[in-house]
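>>> Output the structure for:
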Amino acid sequence: MVVIAWKDEFCTGNPAVDHEHQQLIHGINSVCEGIHDGPPDDETRDRLGDLLAHITAHFALEEAVMREQLYDEYQPHKDDHEVLLDHIRDIMCAYEAGVFAGRREDFIKRLGDWFGGHFGTLDARLHRVLGQAPDPVAMKISKIDLDQGKNEINVLLTTHGK
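Numbering: from 1, shown residues only. Here you go, the predicted model:
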């Protein structure tokens, strides 16, 4: 099931970022394939947790770069990230509580709307502006820990200057 199809308008102008975004969309599509209206199961719970962890890690990396480069639109961009994370957390809570039935299509629509708007506007501007910044800092995700018991995701970022 393809919930979100990659479109040219999602391109940010940065091939590495576009590839990462394509992988996030693949993860969304995978979760939406497995999620159902029945009682919660471990596989779907794990898929949702993995999706949240990967998206959180991507956002942490992007936000660290924005802070490092003193990006002028940092706060609105970060706020938009929080909107998506809240959508995913809402669905995880509803799924866990057994009240997800009938909300699957709403979940899919919210994800599609968010990705469609964010990639082509906020991310495209970010990478266009940062592409012009002198001596950008390269950062990578070194480690991701998901502690479902504490509802925490810990991301370790490593910085490598040029």
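>>> List the buried residues for stretch 8-18?
By neighbour count on 16 or more other C-beta atoms under 10 Å, the buried set for stretch 8-18 is 10-12, 14, 17-18. Backbone N, C-alpha and C define where each C-beta goes, glycine included.
>>> Where does pLDDT dip in the chain?
Scanning the chain with the threshold set as pLDDT under 70 gives 1, 36-38, 101, 132-162.
>>> longest helix in it, by residue count?
If you go by DSSP state H, the chain has its longest helix at helix 42-68.
>>> Figure out how far that one is from the centre of its chain.
5 Å (C-alpha atoms, centre = their mean, to the nearest Å).
>>> Next SSE downstream of it?
Per DSSP states H and E, the first helix or strand lying C-terminal to helix 42-68 is helix 74-97.
>>> for the residue nearest the centre of the chain, what are its contacts?
With distances taken as C-alpha atoms, centre = their mean, Ile55 lies nearest the centre of the chain, 3.0 Å away. Contact analysis of Ile55 by C-beta atoms under 8 Å, 6 or more residues apart in numbering lists 24, 27, 84-85, 88.
>>> The same query, at a cut-off of 10 Å, please.
Counting by C-beta atoms under 10 Å, 6 or more residues apart in numbering, Ile55 makes contact with 24, 27-28, 81, 84-85, 88, 153.
>>> Now render the residues you listed as TSV, adding distance to Ile35 and neighbour count.
Putting the contacts of Ile55 into TSV (distance: C-beta to C-beta, whole Å; neighbours: other C-beta atoms under 10 Å) gives the following:
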residue	distance to Ile35	neighbour count
Leu24	16	16
Gly27	12	17
Ile28	10	23
His81	22	20
Leu84	16	18
Leu85	17	14
Ile88	11	21
Ile153	20	19
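>>> and the helix or strand containing Arg128, how far from the chain's centre?
Taking DSSP H and E as the criterion, Arg128 maps to helix 124-130. For helix 124-130, the separation from the chain centroid amounts to 17 Å (computed by C-alpha atoms, centre = their mean).
>>> Could you do stretch 17-37 as well?
Computed by C-alpha atoms, centre = their mean, the chain-centroid distance of stretch 17-37 equals 10 Å.
>>> Near Tyr95, how many other residues are there?
23 (other C-beta atoms under 10 Å).
>>> In this structure it contacts Asp46, no?
No. In this structure, Tyr95 is not within contact of Asp46 by C-beta atoms under 10 Å, at 11.7 Å.
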